[in-house]
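**Q** Build me a model:
(one chain, ligands or ions: 2)
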Amino acid sequence: MGSLKLKSNASNLTGEIKIPGDKSISHRSVMFGSIAHGETVVTNFLPGDDCLSTISCFRKMGVRIEEEDGIVRVFGNGIEGLSEPTELLDVGNSGTTIRLLMGILAGRPFFSTLAGDESIAKRPMTRVTEPLSKMGAKIDGRKNGAFTPISIRGGKLNSIRYQLPVASAQVKSAILLAGLQAEGETTVIEPASTRDHTERMIRQFGGEIHRNGQEITVVGGQKLTGVHVHVPGDISSAAFFLVAGAIVPESEIVLKDVGLNPTRTGIIEVLKNMGANLEIIQNENSSVEPSGDLIIKTSSLKGTVIEGDLIPKLIDEIPIIALMATQAEGVTIIKDAEELKVKETNRIDTVVNELKKLGAVIEATEDGMIIHGKTRLKGGIVSSHGDHRIGMMLAIAALLCYEDVILEKPESISVSYPNFFTHLNSLL
Ligand SMILES: O=C(O)C1=C[C@@H](OP(=O)(O)O)[C@@H](O)[C@H](O)C1
Ligand SMILES: C=C(OP(=O)(O)O)C(=O)O
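**A** Ligands and ions are numbered 1, 2, ... in the order given. Predicted coordinates for the structure are as follows:
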């Protein structure tokens, strides 16, 4: 585990960045490619550690997958073509991999075991194992199936109608993937809308899925066929440069081909509410997933309140939004965001503790945080705690610091953005 001296005291950020592929869509492209019939070609695939974990798990179930220069070819033989793995399925640091994979494995007539790193071992799995067990899968794991390692013996599934206790796209997707293998109609009811990439991809691969208000229904036994998937840039990665452009003086950054799926654009709503100087150029040719270019310039920001149904639309952006709030006039309140406690780290605690080290005026609450701006940030030794989003947030924070900043555990950033520092340096 290394440490890195970050660039501090930046005078301006200017230039153009082609944002790497969306992590959620990259995972799903490999999963759907693996359970579909025929070849799937994925362009602009994100070669981040998390998505590589997904590829490795499907290879262990006999799927041929080629990956080179952002192009992935998946040679699917249908969901029945998956074979019993002889090894542990290692999901690394990736919550999306393990939770969605469990939905697929629930309906497969074989035994498998799943585990990951020390962060995954702390993340709750009951939210997925409970509905999948209700559908008929035999699942066990540490602490009565609540934590990894998890074992699954899948098989014939019955359909369910399931009200999600938390707004989670991972849980929704796991149930839909099991539902595709179940007898009859499976319905998931979400308390607030979450990212809908799974639903879009089921349609893209030739399947049917229906939405009625907050209810999403899928019928079991559908045949999916391989397609070309173009992955747009990840708005969750773009968020770091959107905030950097807004808070560093004399800046103008152009971000190309960013995914603008409305279930993901909470950060844009927040930027607008805080008064950011942001221009959006929609790509009129995008089909399955909307996308566009974003131009951000140095902005005079004001505090805001972020809560309720907006939270799932920006859940992974809260660390960088918290940094932005330190540079806004007045108070920013983030609430209804308890889910942050069960991410790669407890992101309420890690954000508050690390930003405090740099002089931010920020306090943790039960379900979020309260930030007072505008604060001049100093320097210090900070840590990602092994959480990629915390690492990138701190690298952007350092740009404003008037003293040196050392980042411990910077390597975690490759989970979602392997060339983050190359892109950042290109703007300096
Ligand atoms: O479905 C997905 O691809 C994701 C869903 C979200 O998690 P939850 O479903 O736990 O909210 C998000 O935080 C994660 O980064 C990716
Ligand atoms: C929470 C995240 O990912 P995952 O749940 O897939 O580990 C994230 O990328 O911020």
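**Q** show me where the stretch 101-250 of the chain has helices.
**A** 126-134, 142-145, 169-179, 197-204, 235-247 (DSSP state H, counting those that start in this stretch).
**Q** Flag every buried residue along stretch 355-362.
**A** For stretch 355-362, burial by neighbour count (16 or more other C-beta atoms under 10 Å) applies to 355, 357-360, 362. Every residue, glycine included, has its C-beta placed from N, CA and C.
**Q** Quick check: mean pLDDT of that stretch?
**A** Mean pLDDT, stretch 355-362: 98.
**Q** Quote the end-to-end distance of that stretch.
**A** Stretch 355-362 has an end-to-end distance of 8 Å (C-alpha to C-alpha, to the nearest Å).
**Q** With stretch 78-85 instead?
**A** First-to-last residue span, stretch 78-85, C-alpha to C-alpha: 16 Å.
**Q** circling back to that earlier point, reformat the buried residues of stretch 355-362 into a markdown table and put secondary structure and distance to residue 283 next to each item.
**A** A markdown table is the format used below for the buried residues of stretch 355-362 (DSSP: H, G, I helix; E, B strand; the rest coil; distance: C-beta to C-beta, whole Å):
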| residue | secondary structure | distance to residue 283 |
| --- | --- | --- |
| 355 | helix | 34 |
| 357 | helix | 40 |
| 358 | coil | 37 |
| 359 | coil | 40 |
| 360 | coil | 36 |
| 362 | strand | 36 |
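**Q** Show the model's pLDDT score for the closest residue to residue 402 other than its chain neighbours.
**A** Sequence neighbours aside, residue 9 is the residue nearest to residue 402 in space, at 5.8 Å (criterion: C-beta to C-beta, 6 or more residues apart in numbering). Residue 9 carries a pLDDT value of 97.
**Q** Now do the same contact list for residue 243.
**A** With contacts defined as C-beta atoms under 8 Å, 6 or more residues apart in numbering, residue 243 is in contact with 320-321, 323-324, 396.
**Q** mind running it again at 7 Å?
**A** By C-beta atoms under 7 Å, 6 or more residues apart in numbering, residue 243 lies in contact with 320, 323-324, 396.
**Q** Tell me which residues are up against whichever strand or helix holds residue 278.
**A** If you go by DSSP states H and E, residue 278 is part of strand 277-282. When contacts are defined by C-beta under 7 Å, 6+ apart, strand 277-282 is touched by residues 260, 271-272, 292-297, 299.
**Q** Pull it out as PDB, backbone CA atoms only.
**A** Output in PDB follows, covering the C-alpha atoms of strand 277-282 (Å, rounded to 0.1, in the frame of the first residue of the first chain):
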ATOM      1  CA  ASN A 277     -21.700  27.500 -14.800                       C
ATOM      2  CA  LEU A 278     -22.500  24.300 -16.700                       C
ATOM      3  CA  GLU A 279     -23.500  23.700 -20.300                       C
ATOM      4  CA  ILE A 280     -25.000  20.400 -21.600                       C
ATOM      5  CA  ILE A 281     -24.900  19.400 -25.200                       C
ATOM      6  CA  GLN A 282     -27.100  16.400 -25.700                       C
END
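**Q** any chance you could read off phi and psi for the spatially closest residue to residue 383 that is not a sequence neighbour?
**A** Among residues not flanking residue 383 along the chain, residue 408 sits closest, at 4.0 Å (C-beta to C-beta, 6+ apart). As for residue 408, its main-chain torsions (degrees, to the nearest 10) stand at phi -90, psi 150.
**Q** Check the one 5 residues further on too.
**A** The phi and psi values for residue 413, taken as degrees, to the nearest 10, are phi -60, psi -30.
**Q** Show the contacting residues for the residue lying closest to it once chain neighbours are set aside.
**A** Among residues not flanking residue 413 along the chain, residue 391 sits closest, at 4.6 Å (C-beta to C-beta, 6+ apart). By C-beta under 7 Å, 6+ apart, residue 391 lies in contact with 384, 407, 409-410, 412-413.
**Q** which regions of this structure lie under the pLDDT threshold?
**A** 1 (pLDDT under 70).
**Q** The spatially closest residue to residue 274 that is not a sequence neighbour: neighbouring residues, count only.
**A** Nearest non-adjacent residue to residue 274, counting by C-beta to C-beta, 6+ apart: residue 301, 4.5 Å away. Residues lying near residue 301 (other C-beta atoms under 10 Å) number 25.
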